[in-house]
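A.B. asks: requesting a structural model of the entry that follows:
(3 chains)
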Amino acid sequence: MRHIVSMEDFSTREIHDILSMAKAFEEQRYLTQNNQVLVSNLFFEASTRTKLSFEVAQRKLQLQVIPFEVSTSSVQKGETLYDTVKTLEAIGCNMLVIRHPENDFYKTLLDHVEIPIINAGDGSGQHPSQCLLDLYTIQKEFGRFVGLKVMICGDLKHSRVARSNAKALSMLGAEVYFSSPDEWKDENLLGFGKYVSVDEAIEEVDVVMMLRVQLERHAAHYSLETYHDQYGLTVDRAKKMKPDSIIMHPAPVNRGVEISDELVEAPQSRIFEQMKNGVFVRMAMMETLLQKWGRNRYENIVQERQMV
Amino acid sequence: MRHIVSMEDFSTREIHDILSMAKAFEEQRYLTQNNQVLVSNLFFEASTRTKLSFEVAQRKLQLQVIPFEVSTSSVQKGETLYDTVKTLEAIGCNMLVIRHPENDFYKTLLDHVEIPIINAGDGSGQHPSQCLLDLYTIQKEFGRFVGLKVMICGDLKHSRVARSNAKALSMLGAEVYFSSPDEWKDENLLGFGKYVSVDEAIEEVDVVMMLRVQLERHAAHYSLETYHDQYGLTVDRAKKMKPDSIIMHPAPVNRGVEISDELVEAPQSRIFEQMKNGVFVRMAMMETLLQKWGRNRYENIVQERQMV
Amino acid sequence: MRHIVSMEDFSTREIHDILSMAKAFEEQRYLTQNNQVLVSNLFFEASTRTKLSFEVAQRKLQLQVIPFEVSTSSVQKGETLYDTVKTLEAIGCNMLVIRHPENDFYKTLLDHVEIPIINAGDGSGQHPSQCLLDLYTIQKEFGRFVGLKVMICGDLKHSRVARSNAKALSMLGAEVYFSSPDEWKDENLLGFGKYVSVDEAIEEVDVVMMLRVQLERHAAHYSLETYHDQYGLTVDRAKKMKPDSIIMHPAPVNRGVEISDELVEAPQSRIFEQMKNGVFVRMAMMETLLQKWGRNRYENIVQERQMV
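C.D. replies: As a prediction, the model looks like this:
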C-alpha cells in the first residue's frame, strides 16, 4: 500500500496495523512533541490587524496555529458555532480566539468548553484586546492613568471599543470625555465621562482617541467632507492639541474622514505604535490564560521574572 | 538592492550571485532543515473536521504544512487537478491529502506521482480516514470486532462511509445491520449485512451508527420532523439501547434530524470521541505511508517500540 | 478569569497584570524566540505555483509564515495596499512578498517601509522570481548563457516574463528571438533580440520558451486549434528541435493551446524542473535580501561557504 485511497485496498492485517499505531500515538509512545500548544483563530468577520496580530503573537509564544477558514468550513453546511467550537476542542485545540458578528456569541460556549476562549470582537459588543492595547499605549506614553484626560470621538453608539475604553480608563483613574454627532451619542457612557464639544476639549486633553466611521453602514448620513469638517480630526484641530498629547485610532483608518490623511503618520500619532503594541498585549493575554489553565512552558520563568 | 521588484534593477553580477546561491541551496550546502517533511491538504469541498484533524495530526508528527486554498489557486484559471498535483510535487511536497467532489479522482494520479496521496473523500466514493477512525473508536470501546453487532442507519446510498464501514466491519468479524428509508437503500451492501427495522434492531446492537442527512440534497423528500420520527435516533429509541451500547455519527450532525439534539453529547454518544480519535488515526495513516516511502524520522523508534 | 471575553470582567489589578506582562514581552524578558524572522505573502491575484513556491522556500529557510488572505482582510473594508503593508510592518513582519494586479504597485511603498519587499508579479509588469528561475534552469542545463539561442514565443505584449527574460538573457550574452502573432508583438523588445518565424527558428535554437495564452483575455481572437497549429509548439514542430534543446514554459500550461499536451512532460521539457528550481531561486532571493537587512542566521555560513 503506497497510497491510501480506498478501504478496498486494506487487508485485515493492514487495518490492525493502523489501529495499533494510532493507539501508540494516543498513548504518546512515540517521540511526538507532547508539549505543543495548539490554538486556532476563528474569524467570522473580515479583519487584518486583529487576526494577524494574534497570529504573530502566537508564533512569538511558540504556539502551533491551526488555520481555520470560515468560507471552506462546515459552517457552510449549516454547522453551528457551538458544534464548530466543540469540534476544535475535540481534535485537540488548546485555546480559541473568536470574532463573530453576533453580540455575546460566547455566552452559549463558556460553560461547555474545557479550553480558554478569547473574544476578538463580538458584534457591537466587546473587543478586549483592542481595549488593552489602547491602555498599554497610553501607559507606555504617560506612565500613568490617574489625572490623564482622554477624549473619545466619533460613532460612540456602534463602537466596540468606546464603552470598554471609557469604563476601563475611568476605573484606572483617567478623566474621559466624549464627542460625537447627536445621533451617535450613547447614553450608557455617561457613567464614565461627559460629552464635550471637540473644539473646546481639543486644547486640554492628553489623548485624542478617534473612532472609525463605518462607511458601509453610515454613508448616507453625511457627506464625508462635511463629517470631516464638523467631527473629524482636521489639521487645524490637531494644531490646537497640547505639545505632548497624542492621537490614537483603532484602525483601519478612513483617511480624510474621521482623521486627516496627513495626521495618520504625524509625530503625535500613535496609530501604528498601537498595532505594534497589540502584539505584546495579545501575547500577555494568551500567556495569562494558558497559565491559568496550566498549559504553559513559561510558567516558571514568569514566576521568577514577573515584575509587578 | 534593498528590495526585489524588477529585473531592471539587477546587474549581471547580481544575477550571477542569486544563481550561485540558488545552486548552493539546491545542493544543500547551507544549514537548512534537510529533514523537513512537507505536506499539503487540497480540499476541493468544504470541511471542518477532516481538514483540521489532518492539520493537527500533521503538527503532532512535526510535518511542515504548506497551505493550499482552492479559491485563490490557479484552479481558478482552469488548471487541472493533475497539473496542480504535479506542481505541488515539483515544488517539494512529500505527501498530499486530497478531498475532491469527483468519484475516483485519484485514479488518474497514482501512476504519475512519486509521493504518497491520501484520499480524504472522493464524491460519494471512499473516505478511508473516517472508516479507520470509526473502527478505532469501536475497538477502543469493546476491545474486539468479532461478534459485535453494528447497525448503520440513514442515507446509505449517498454515504461515503456506509459501504467502507460495512465491508471493513464484516471483514473484521462484526455483524452488520442496515436501516434506511427505501429510496436510500443500496443493494450493493447486501454482501456485508442485512436490512432490518430500526425499532427491532435497536435493542440488540452494540453500536448505532447514524449517517448524516445531506439536507442540501434531500430536503424535499421529507419534512425534517417526519424523518426524525420515522428514521432518526429519537430519545425514545435511544432508551431501548442496551446499557453498554454506543452511538456514533461521522458529523457534522443535523441536530434534531438524524439524531435528537440531546443525544449528541449524551453519555452513550461517542461523537466527539470519534473526532478526538481521528487525529491519532490520521497520524498513523500518514506515518505508515511516510515509512513506506522512506521519509520519516520516527522510523527507528517505530521499529523498536511497535506493539503489533 | 478563565476566558477573556469582556472588559467588564477585569479588575483594575488584572488589567495592570496584563499590561506588565505585555511590557515584559516587549522588552523580551521572556524566553521567546527572538531570532524568529516573520514573513507574509500578500497575493491579490490567483496563484498556485508562485505562492506555494515562496511558502516552501520560506519553510526551508526556517522563516515563520504569517498567513494573509485578501478575501478575509480589511482590504474588504476598503483599506489601501499602503495601509495594509504598513500594518504588517507594524505588527512585526520582517519581509513581504506581494503580487498585485496593478503595474508598479510597489512604487508608492518602497520609500515608506523599513522591511524588504519582493514583487511576485505586478500587472503586466515584472515578475523577477520567474525570470531568475528561468535563468537558473538555463544555466543548470547548459552551464553558460553566452552564445545560447533562446526563442520566446506567444503573447509577448501582455507577458510579465517576456521583457524581463529578453533583457536579462541579452545582458548575460544569449541571443534572443521572438515569435508571435502580429497583434501580440511588442516593439519594445527589439532592443534585446529579433522577430523570427517559429518554423524557421525552431531548428536552430537551444531553448524554446513558450508563453501562456491568457484564455480569459484572448479567447475571442483565435480558435484554440487554429492558434495551436499556427503559433503553438506542436509535436511536429518539436521534432525539428536540436537534440539537446529544451522546452520551457512559466505555467500554468494550457495543454493543447500554446503547447501540445504530450510535450508537457516529454524528455525535452523542463516545465516541472522550472517549478522545482523556483524554490531554490526564491530561497536565494529572500536570503540575499535578509542578509542585506541584517536579519539572517545563515550569514556567517554564507560568508564561509559562498562559492562565487
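
A.B. asks: centre of the chain versus stretch A:198-211, how much separation?
C.D. replies: The offset between the C-alpha centroid of stretch A:198-211 and the centroid of the whole chain comes to 24 Å, using C-alpha atoms, centre = their mean, to the nearest Å.

A.B. asks: which residues does that stretch contact?
C.D. replies: Judged by C-beta atoms under 8 Å, 6 or more residues apart in numbering or on different chains, the contacts made with stretch A:198-211 from elsewhere in the structure are A:134, A:138, A:142, A:148-156, A:159, A:161-162, A:165, A:177, A:179, A:231-233, A:237, A:240-242, A:244-250, A:258-259. All C-beta atoms are positioned from the backbone trio N, CA, C, and that covers glycine.

A.B. asks: from these, list just the buried residues.
C.D. replies: Judged by neighbour count, with 16 or more other C-beta atoms under 10 Å in any protein chain shown as the criterion, the buried members of the contacts of stretch A:198-211 are A:134, A:138, A:142, A:148-156, A:159, A:161-162, A:165, A:177, A:179, A:231-233, A:237, A:241, A:245-250, A:258-259.

A.B. asks: and those residues, which of them are in helices?
C.D. replies: Counting by DSSP state H, the buried ones among the contacts of stretch A:198-211 place A:D134, A:I138, A:F142, A:A162, A:N165, A:Y231, A:R237 in helices.

A.B. asks: now do the contacts for the last one.
C.D. replies: Contact analysis of A:R237 by C-beta under 8 Å, 6+ apart lists A:V198, A:D199, A:I202.

A.B. asks: ok, now with 10 Å
C.D. replies: If a contact means C-beta atoms under 10 Å, 6 or more residues apart in numbering or on different chains, then A:R237 has A:C153, A:V198, A:D199, A:I202, A:E203, A:V208, A:D229, A:Y231, A:I259, A:S260, A:L263 as its contacts.

A.B. asks: can you pick the most crowded of those?
C.D. replies: Within these, A:I259 tops the neighbour count with 30 neighbours, counted by other C-beta atoms under 10 Å in any protein chain shown.

A.B. asks: and that one, what pLDDT?
C.D. replies: pLDDT recorded at A:I259 is 96.

A.B. asks: can you pull up the bridge partners for it?
C.D. replies: Taking DSSP bridges, one finds A:L233, A:R255 as the beta-bridge partners of A:I259.

A.B. asks: ok, so what distance separates it from chain C?
C.D. replies: According to C-beta to the nearest C-beta, to the nearest Å, A:I259 and chain C sit 12 Å apart.

A.B. asks: for A:H127, same thing?
C.D. replies: Taken as C-beta to the nearest C-beta, the span from A:H127 to chain C is 8 Å.

A.B. asks: my read is that that residue contacts A:N103, right?
C.D. replies: No - counting by C-beta atoms under 10 Å, A:N103 is not a contact partner of A:H127; they are 11.7 Å apart.

A.B. asks: between those two, point out the one with more neighbours.
C.D. replies: More crowded of A:H127 and A:N103, by other C-beta under 10 Å: A:H127, with 25 against 13.

A.B. asks: and the more buried one, what does it touch?
C.D. replies: With C-beta under 10 Å, 6+ apart as the criterion, the residues that contact A:H127 are A:50, A:99, A:119-121, A:133-134, A:159-161, A:163-165, A:250, C:6-7.

A.B. asks: for these, which one is nearest chain B?
C.D. replies: Among these, A:R99 lies closest to chain B (C-beta to the nearest C-beta), at 17.0 Å.

A.B. asks: looks to me like that closest one is in a helix.
C.D. replies: No - membership of A:R99 in a helix is not supported by DSSP: H, G, I helix; E, B strand; the rest coil, which gives strand.

A.B. asks: tally of neighbours for A:G191?
C.D. replies: Here the neighbour count serves as a burial measure; for A:G191 (other C-beta under 10 Å) it reads 9.

A.B. asks: so what's it up against?
C.D. replies: When the contact criterion is C-beta under 10 Å, 6+ apart, the partners of A:G191 are A:A166, A:K167, A:S170.

A.B. asks: between A:H127 and A:N103, what contacts are shared?
C.D. replies: Both A:H127 and A:N103 are contacted by A:R160, under the criterion C-beta under 10 Å, 6+ apart.

A.B. asks: listing request: residues of chain A with sub-threshold pLDDT.
C.D. replies: A:30-34, A:216-221, A:296-308 (pLDDT under 70).

A.B. asks: let me see the ranges of the helices in chain A.
C.D. replies: A:12-26, A:49-60, A:81-90, A:128-142, A:162-171, A:198-201, A:215-218, A:224-231, A:235-239, A:271-292, A:299-305.

A.B. asks: winner for burial among these?
C.D. replies: Greatest average neighbour count among the helices of chain A goes to helix A:49-60 (a mean of 25), per mean count of other C-beta atoms under 10 Å in any protein chain shown.

A.B. asks: and the angle from that one to helix C:12-26?
C.D. replies: The directions of helix A:49-60 and helix C:12-26 differ by 60 degrees, with axes from the mean of the first three to the mean of the last three C-alpha atoms, to 10 degrees as the criterion.

A.B. asks: check whether helix A:49-60 contacts chain B.
C.D. replies: No - contact of helix A:49-60 with chain B is not found when judged by C-beta under 10 Å from any C-beta of the partner chain; the minimum separation is 12.4 Å.

A.B. asks: output that helix as PDB - backbone C-alpha positions only.
C.D. replies: As requested, C-alpha coordinates have been extracted for helix A:49-60 and formatted as PDB (Å, rounded to 0.1, in the frame of the first residue of the first chain):
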ATOM      1  CA  ARG A  49      -4.800  43.600  12.100                       C
ATOM      2  CA  THR A  50      -6.500  41.800  14.800                       C
ATOM      3  CA  LYS A  51      -6.200  38.400  13.200                       C
ATOM      4  CA  LEU A  52      -2.600  38.900  12.000                       C
ATOM      5  CA  SER A  53      -1.600  40.400  15.400                       C
ATOM      6  CA  PHE A  54      -2.900  37.300  17.200                       C
ATOM      7  CA  GLU A  55      -1.100  35.100  14.700                       C
ATOM      8  CA  VAL A  56       2.200  36.900  15.200                       C
ATOM      9  CA  ALA A  57       1.700  36.800  19.000                       C
ATOM     10  CA  GLN A  58       1.100  33.100  18.800                       C
ATOM     11  CA  ARG A  59       4.200  32.500  16.800                       C
ATOM     12  CA  LYS A  60       6.200  34.500  19.300                       C
END
